[in-house]
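S.K.: how would this look folded up:
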Amino acid sequence: MSINADTESRLLNRYKLTTLFPDTWPHNDHGSDDSEEEEHEQVNVGGPVQQAGVPGSKFRNINRHASLRSTGSIGPDSIVQKDEADPLGMAPSVVTELRKRGVPVEEDLKLRNRFMLSSTSFSPALFLSQVHQEASTEDLLRGLDYLSRSIEQKSASLKVLVESNFEKFVKAKSTIDNVYTEMRIQGGGEAEQQPPSSPPTPNLNSTGRRGGHARLSSRSQTHFRNSSAPFSPKLGSEVPMTPTKKNALTREAEYGVLGIKAPLQEVVIKAEEVWGPAIGGREKEETLKGVLNALEQYGETFKLGSVCNEAIKKNEYDSVITCWKKANRGAEQARSVADLAQRTGVPIGERDAQQILIQAKAYHDVSMQVESFKQDMWRRLKSSHGKRPASVPEEADKEVHLELIGVLLQLGVDENPIWEWLNSRSLYLKDRIARSFERARIEIEILRRGLAAAYNTLDHKESARYLRFAGSTSGSPLAVKDLPGEMDTPVILAFWEKVLLSFRTLLDPRAGVLAEILEFWETTQNFIDGRAQNAFSGAVVDAGTEHLELEPDDVANLRASALALVEQLREAIMAFFTDAPVDDLSELYSPIPPTPITPDSAGGKGLGLGGVRRAFTFDASAVPPPSPARGEQWEKFAFWAPGANSLSGAHYLGRVLVLVGVAAAGLAGLNVVRQAHAGEGLKLLVGAVRERCIQALCASLIVDADRTKYLELWQRSSERKDLTTMPEAFRSFEERVLAGFQKIAYITEASGTRGSQEVIVPPPAKLVQAVRGVFVTSLYKMLSGMVKNAEEDRADTNGIESDADGVTVPFDGGVGAEGKGRLDSGKKSLRILMTLSNLSHLRMEVIPHLISAFETSFTVTLTEEGKQMRDALVQIEARLFKHYVQPTEDLISILIHDGIHKTSWAPVAGQRPSNAKQYIYSLLLHLVLLHTEITTTAPTLLGQILSHCLEHASEIFLSTFRDAYGFYSLPMLMQATLDVEFLAQTLNQFTTEKAGALQSQLYVVLDERTDDGCRAQLQGELGGMRVVLKGLREGTKGGFGCFKKERRGRDGGGGGGRAASGSLGGSGGSAGTQG
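M.R.: Reported below is the predicted structural model:
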């Protein structure tokens, strides 16, 4: 429920409160309320109202003019109010405001009356200095308007009252005079006649009447009461009166008013309370007129405080400066007046004194506000480290620190704001570097520990599939279903993204801490050279001449601060890359000294370490413990993600190293760094970071080289059906890793920046040699893995070959499986065939290409390594080739040996053989199966393998015929010729010089084991044998037609002809040619 100001004032005064919502009930001083109630009761019963210690009657304070009333107080019933509203309309209660300020108005009534406008002792100066000591000039002007309106309203009301009731006032006066005369004459009796000295005619309107109760009438007086003597009861005159004399106009009866004295007194008091303030204000009027004149004369001076306050609130710096200058000019004028009076010895006049006081008050008010404003400007200046948004296009390049410095220079300061701002900025950057690196290292270490804890559960086969990412982005399609477009696992990529983001925040030359350092020195250099001061206005230059230039000591300190920032940044980067992971995270906290721009550096509980408050992206209550030592290489590097592959490592570390190189080049380009010859430290930084990154990447490549065996999916290449995806995947992987090594080693993307020549140098030979060794090792490990994939048997409990270690992909035996490009990896022979094909491709194309790429990237030659690699490939191919053909060789040996040694092999004497023996058909049938397997798996190996089989068969023929029989008859010679020639002519496409030479030796052996007669007879049988061989070839065309091939200028029977010619002379040659 809302209450008006009058009710609020009476409540506060009644209960002596300072607020309507007190916390405790106020102390009741001496039971004043009870005494007041008792006094009121005495008045109501008509008893005596005089109080001890108060001289004279209460009516002695009543006068015709309110301005002439006595200031004496007669207690709680005095006509001067206990409290009243603020005449200026700013507060509901004057006493309440004074009580808040500790003024003892309750104990000292005279002091209280000096603040009451209804009292004749009212003091305007005291009133304004105490009640309105914090009011501004604008508030006083509003109060003056309020007071003027109140006076006009009450004067108008009084005038209307008198004019409308003038006749009633006249009639009332006549009636009172008549009643007074009658009571005077009739109530006294004979003993109380008028004394002789009294005028005989009781003319009540006579001005010569000596009675103190004489009533005067004047139009100029609006007050109808008079302080007559009869209304002033005498002390100690309480004499018992009889009813007959009670109304007599005698001294004892107080001239007839004794009976109505108490009611009249109440009426007088009420009337005084109602009309007194409105009709008695001459002194107040004069005082207020003086105040009004002073306000009119010095109105602008009075407004300075309020104008300055409004300007400060609105951040109107020009207005604040204008107010400060006006206050200074006024103070100088007042000071000159006082100095003149002191020099001349002439007393200061009232007007001059008034001017001095007003100017002093205005200067004090403005100076206090300006001092507070300057403190705020200092605080804002020391924390202004950036550009403000432009309010208009013309202010797009206006920096806030220049504006604040200009304001401070115009207001006048003892310290140099330029130096203070530059020094605070260097402290801010120092704190920023420490906090940023601290936060980054802690968060990265937390992520690293999480990856290290999960390293034992890392699936290397699953990790190897990310190595195929290089092939998916290099233009070589991989026929792998659902291949993820990622370089590594999501958690590892999150780690690398965190590292990259942290370094971008720190070393981005456009938006990172590095940009702020470069901008700081550029700004500092501009201030040192005086270029930045050109942005100040003429007013700033005129006002701040003393502080526009930096002192030599300040310049030296700023140079030292800039070098310290560069060194701090260098050491932070160096520590991140060269330090090993820490076990105690508190070691990563750096002590931050408390400064005005780091108020929270001493508080907080961040992680419970160091007593500093931090805001991290992880749960500080669940920090993982240090990872246990396993002897892994990545345990030495705090910046490496445990379990990460070399693809993701090379990609992200290359980008990070570019940031480091650009940052070092930018810092080395600063003239303060060049002058101090501090570029060597930055060059060492780049070299150390590069070396650590190469070391970590080499260790990772060795691990990935062991994983490359999982790149074999036994999936045909989409470009060459005789290859799997393995060679292309490995080539893409190695190319990507080599490109990453090259970017890290030479930091190519940062080499073109300004100042890079001073800090980025080619990698040392030792580092290149390390990369060289790891590259060659990775090739050997890849080859070893391929051989392992091909040779290892994988047999399940059912005796069917399967994939025990997850290297191969199960064969889908359904319809169209081969059409999908999927191989039956369960068959060892197929795996060896594809591996041989892959190795041949690696030896001929892939590895020479990789070696050439390495030589180009690192400007070295790998002549010796290339030769060793080729020799190793030849040995590996020979080993796998032998492994593949060994079963066929064994079968050929058995079939030829057993077939020739059978008793049924030798024809019956006198019988001409007309067909090859069965073991030849069995051998050819096996070669048909072998041909089918090779042509459907690796057709490029068909000629090499079948030629080798033919050579092996020729060797077995030679050794068997040499040992089987001591003498060969004509039928035996004919049968041996048919067997050998039928096999040779059927495999004529795969005949080699070695096979032909072996066949020639075979015929020599047969020739040595017969006689001349058989030789002569054999010559006669050659024509028939040619017909038989031709018939056999025609008859077996359907079964052995796979060995035929389109003629490409090659004499298919050349080998056989040579064999026949070498064994049986000219007739043999003709038989071979016919065949």
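
S.K.: any idea which helix or strand comes after the host helix or strand of residue 158?
M.R.: In the assignment (DSSP states H and E), residue 158 maps to helix 137-164. With elements assigned by DSSP H and E, the helix or strand that comes after helix 137-164 is helix 166-186.

S.K.: Next secondary structure after that following helix?
M.R.: Counting by DSSP H and E, the next helix or strand C-terminal to helix 166-186 is helix 261-279.

S.K.: How many neighbouring residues does residue 415 have?
M.R.: 10 (other Cβ atoms under 10 Å). Using the backbone N, CA and C atoms, a C-beta is placed for each residue, glycine as well.

S.K.: same question but for residue 680, I mixed them up
M.R.: When neighbours are defined as other Cβ under 10 Å, residue 680 has 11 of them.

S.K.: what do you get for residue 161?
M.R.: Around residue 161 there are 14 other residues, counting by other Cβ under 10 Å.

S.K.: just to revisit the earlier point, list the buried residues in the helix holding residue 158.
M.R.: Using 16 or more other Cβ atoms under 10 Å as the test for burial, helix 137-164 gives 137, 140-141, 143-144, 147, 150-151.

S.K.: Relative to residue 434, how far out is the closest residue to residue 93 other than its chain neighbours?
M.R.: Among residues not flanking residue 93 along the chain, residue 9 sits closest, at 4.2 Å (Cβ to Cβ, 6 or more residues apart in numbering). Counting by Cβ to Cβ, to the nearest Å, the gap from residue 9 to residue 434 is 61 Å.

S.K.: With residue 767 instead?
M.R.: With Cβ to Cβ as the criterion, residue 767 and residue 434 are 31 Å apart.

S.K.: Residue 699 and residue 631 touch, don't they?
M.R.: No. In this structure residue 699 lies outside contact range of residue 631 using Cβ atoms under 8 Å: 11.8 Å.

S.K.: Those two: which is more packed in?
M.R.: Shown here are residue 699 and residue 631; by other Cβ under 10 Å, residue 699 has more neighbours (19 against 5).

S.K.: mind listing the strands for the protein?
M.R.: In the chain, no strands are defined using DSSP state E.

S.K.: Show me the residue at the heart of it, geometrically.
M.R.: residue 505 (8.3 Å; Cα atoms, centre = their mean).

S.K.: Now do the contacts for that one.
M.R.: When contacts are counted by Cβ atoms under 8 Å, 6 or more residues apart in numbering, residue 505 touches 436, 440, 512-513.

S.K.: let's go with 6 Å and repeat that
M.R.: residue 512 (Cβ atoms under 6 Å, 6 or more residues apart in numbering).

S.K.: Next: residue 895.
M.R.: Contacts of residue 895 (Cβ under 6 Å, 6+ apart): 919, 922-923.

S.K.: Tell me how many other residues surround residue 928.
M.R.: 15.

S.K.: related to what we said a few turns ago, ok, the residue nearest to residue 93 to residue 271 distance?
M.R.: Applying Cβ to Cβ to residue 9 and residue 271 gives a distance of 20 Å.

S.K.: higher neighbour count, those two?
M.R.: A side-by-side neighbour count of residue 9 and residue 271, using other Cβ under 10 Å, places residue 9 first with 23 against 15.

S.K.: pretty sure the more buried one is touching residue 95, no?
M.R.: No. The criterion here is Cβ atoms under 6 Å, and residue 9 misses it with residue 95 at 8.2 Å.

S.K.: joint contacts of those two?
M.R.: residue 83.

S.K.: Measure how buried the closest residue to residue 533 other than its chain neighbours is and give me the count.
M.R.: Spatial nearest neighbour of residue 533, excluding adjacent residues (Cβ to Cβ, 6+ apart): residue 548 at 5.3 Å. Using other Cβ under 10 Å, residue 548 is surrounded by 18 other residues.

S.K.: just checking, residue 548 touches residue 535?
M.R.: No. Here residue 548 lies out of contact with residue 535, judged by Cβ under 6 Å, at a distance of 11.5 Å.

S.K.: one step back: just want the angle from the helix holding residue 158 to helix 166-186.
M.R.: 70 degrees (axes from the mean of the first three to the mean of the last three Cα atoms, to 10 degrees).

S.K.: From the contact counts, what lies against helix 137-164?
M.R.: In this structure, helix 137-164 makes packing contacts with helix 261-279, helix 299-313, judged by 3 or more Cβ pairs under 6 Å, 6 or more residues apart in numbering; DSSP states H and E.

S.K.: For the shortest one, buried residues please.
M.R.: For helix 299-313, a neighbour-count test (16+ other Cβ under 10 Å) marks 301-312 as buried.

S.K.: Give me the contacts around it.
M.R.: 136-138, 319-320, 323, 326-327, 330, 358, 362, 365-366, 369, 373.
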